[in-house]
Structure formats: structure tokens, C-alpha cells
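*Asks:* The amino acid sequence is not available; the structure is as follows:
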């Protein structure tokens, strides 16, 4: 804890579309904050606000009570935690490490074991809500790990989210996030199909959204992504390349459980087409390009 503030000293690794805002909320709450990301330019605003830049995850972890990672892929998570200059190599005993990346349940369990072997605690705590939820500090956070570690993390997680649930032991946060992504995958396809139908029928898509968003079809995908689709706004709140990664993790886990998920399989095929077209860094609502639902 910081003697000056009485607040946990936090390190935050990964300052992308969501990480920037999440780290900013912690800094605004008064936590002494260390930051690291691949591109130092992304840390400028936070450093200007009082955060300390660190050259490696290990350097960052050495001076923190809590380390949070919000990076891109399981490979990135493994490097940040377990690499030669990784967080676990330098973290002191008792450090709480929270991975908020959407990653592999098996990797989450491995990280929990590695952390425990070093006298640390670990949570896998992926989030849902996209850039909007991150900016407004109302993310949904699903946390797997030891109950005491969750209790320690909760005041910090509450700076970034509104719906925060302890889902069980290590890896369960990631499994819960897979459920979230699977529901999104089929829902966004339905939104695209509904709007494509509206255009083909000569309807006003905005009027259709107004009519159906308050009924049984209502969802975040319809009310937030629907208007973006109608306007042809494909700026990323969550990038296609990351969603495709998530679907691949979910389907790999489903294969292991001998579970068939045809909706997710179709969504993965469609998003793979968009990646082949060079649209990997557009938002997930760009799926509408394949349906003719966009403006």
C-alpha cells in the first residue's frame, strides 16, 4: 500500500481501446499507478496525469501490490506473466495478479498455479462491455480464482465495472467469458440478418430498430451495434481479430467437451472472411458487410 494514500499500488499492462480507460479510472481514484504497453505513446496521457512508465512488465510488478494485464492473445498473456522480463519473475510475495484479457481457461489455471508457487495470488477476470463500458466504468467482470483473492480485488474491480461476479475457481472467469462471446456471436448475426431483411423489404432501418429494440429482440447488440450498422460506422469498440480469437478459444473448448456449437462455427467462418478481406481491425458490427445490412 502507498503510505501517502493508503491505496494499493497498481501496475497496468496493456493500454489498448479498453485498457486506456480502465487504467485511467484507477489513476483518477488515487491509486499510485505504473503502466506498460508495447507502444509507449499510448501511455502519454496517463503519464501526464501522474502514472509512472515502466520499460518491462517485470519492472512494473516489482513496485506494485496489484498487477493487472489487459493484452491481446493468450500468447501475449503468457509472455507478460511468464517471460524473462515478465510480471511473475519480479512480483513480491503477496502480490495479486489479475488477468483481464479474454484468454484460455487452461492458461488461467496454469497462471494460478505459477502464482501460488511464488507466493502470489491470481485471478482470471475477463470483461464485457467494449470501449463504451470501459469509458463509463460499467464493465461486466467475471472473475475466477480464490475467494480471498476476489475479496481483495473487488474494490479495485469496482473502479472499472458495475456487474462483478465471482464465478468460481481458476479458469471459470474465462469459461464464463466464452459463454458471453458465444451469445454475442449468434446475436450479432441475427441483427445483421434482420437489418438486411429490412432493407430488402424497403423498410426504414432506423424505424425498424425503434420498433423491435423494445421487444423480445432487444439486446445490446441491437440497440448499440444496430445504429452503427445502419450508419455504416465500423470503428472498433471491439476488433474483429480479437473476437475471432475468442471464438477460436470457445470452439476449442467445445471440442474438448464434445459439444456442437453451429452458431459459433458459422460466426467464425464469416469473421474469417472479413479478416481475409483486410478488415481484421474493424469493429464486430462490420459483419453486416457480408449481409448487405449496412448503409
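*Replies:* Right, received. Where do you want to start? From a predicted model like this one, the values you see are computed outputs, not experimental measurements. Numbering: from 1, shown residues only.
*Asks:* The protein: strands as residue ranges?
*Replies:* Along the chain, the segments classed as strands by DSSP state E run 10-13, 33-36, 52-53, 66-69, 96-99, 121-124, 127-128, 139-145, 161-168.
*Asks:* Throw these into CSV and include mean pLDDT, thanks.
*Replies:* Below are those laid out as CSV (pLDDT from 0 to 100):
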stretch, mean pLDDT
strand 10-13, 98
strand 33-36, 98
strand 52-53, 96
strand 66-69, 98
strand 96-99, 98
strand 121-124, 97
strand 127-128, 96
strand 139-145, 98
strand 161-168, 98
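*Asks:* Name the nearest residue to residue 165, sequence neighbours excluded.
*Replies:* In space, residue 165 comes closest to residue 142 once its chain neighbours are excluded; the distance is 5.6 Å by CB to CB, 6 or more residues apart in numbering. C-beta coordinates here come from the backbone N, C-alpha and C atoms, glycine included.
*Asks:* The one you found and residue 135: what is the separation?
*Replies:* Note on residue 142: its distance to residue 135, by CB to CB, to the nearest Å, is 20 Å.
*Asks:* Which residue of these two possesses the greater neighbour count?
*Replies:* Neighbours were counted for residue 142 and for residue 135 using other CB atoms under 10 Å; residue 142 has more, 27 against 18.
*Asks:* check contacts around the more buried one.
*Replies:* 125-128, 165, 167, 172-173, 176-177, 180 (CB atoms under 8 Å, 6 or more residues apart in numbering).
*Asks:* Now neighbour count and distance to residue 31 too, for the residues you listed, in CSV please.
*Replies:* CSV is the format used below for the contacts of residue 142 (neighbours: other CB atoms under 10 Å; distance: CB to CB, whole Å):
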residue, neighbour count, distance to residue 31
125, 33, 17
126, 27, 21
127, 26, 18
128, 20, 23
165, 16, 23
167, 21, 25
172, 20, 26
173, 31, 22
176, 21, 26
177, 28, 25
180, 18, 27
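*Asks:* okay, these in a markdown table with distance to residue 86 next?
*Replies:* A markdown table is the format used below for these (distance: CB to CB, whole Å):
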| residue | distance to residue 86 |
| --- | --- |
| 125 | 18 |
| 126 | 20 |
| 127 | 22 |
| 128 | 26 |
| 165 | 28 |
| 167 | 25 |
| 172 | 24 |
| 173 | 20 |
| 176 | 25 |
| 177 | 22 |
| 180 | 27 |
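*Asks:* out of those, which one sits closest to residue 37?
*Replies:* residue 127 (17.2 Å; CB to CB).
*Asks:* Skipping adjacent residues, who's closest to that closest one in space?
*Replies:* Residue 127 sits nearest to residue 139 (CB to CB, 6+ apart), 4.4 Å away.
*Asks:* Roughly how far does that neighbour sit from residue 285?
*Replies:* Distance from residue 139 to residue 285, by CB to CB: 19 Å.
*Asks:* and if you look at residue 119?
*Replies:* For residue 119 relative to residue 285 (CB to CB), the value is 44 Å.
*Asks:* In terms of neighbours, single out the busier of the two.
*Replies:* Taking neighbours as other CB under 10 Å, residue 119 and residue 285 compare with residue 285 leading, 29 against 11.
*Asks:* thought that one was touching residue 234?
*Replies:* Yes - counting by CB atoms under 8 Å, residue 285 touches residue 234, with 6.3 Å between them.
*Asks:* pLDDT weak spots in this protein?
*Replies:* Scanning the chain for pLDDT under 70 picks out 1-5, 293-295.
*Asks:* can you pull the contacts of the residue nearest to the spatial centre of it?
*Replies:* Geometric centre of the chain, nearest residue: residue 127, 4.6 Å, by CA atoms, centre = their mean. Listed by CB under 8 Å, 6+ apart, the contact set of residue 127 reads 18, 100, 133-134, 139-142, 160-161, 177.
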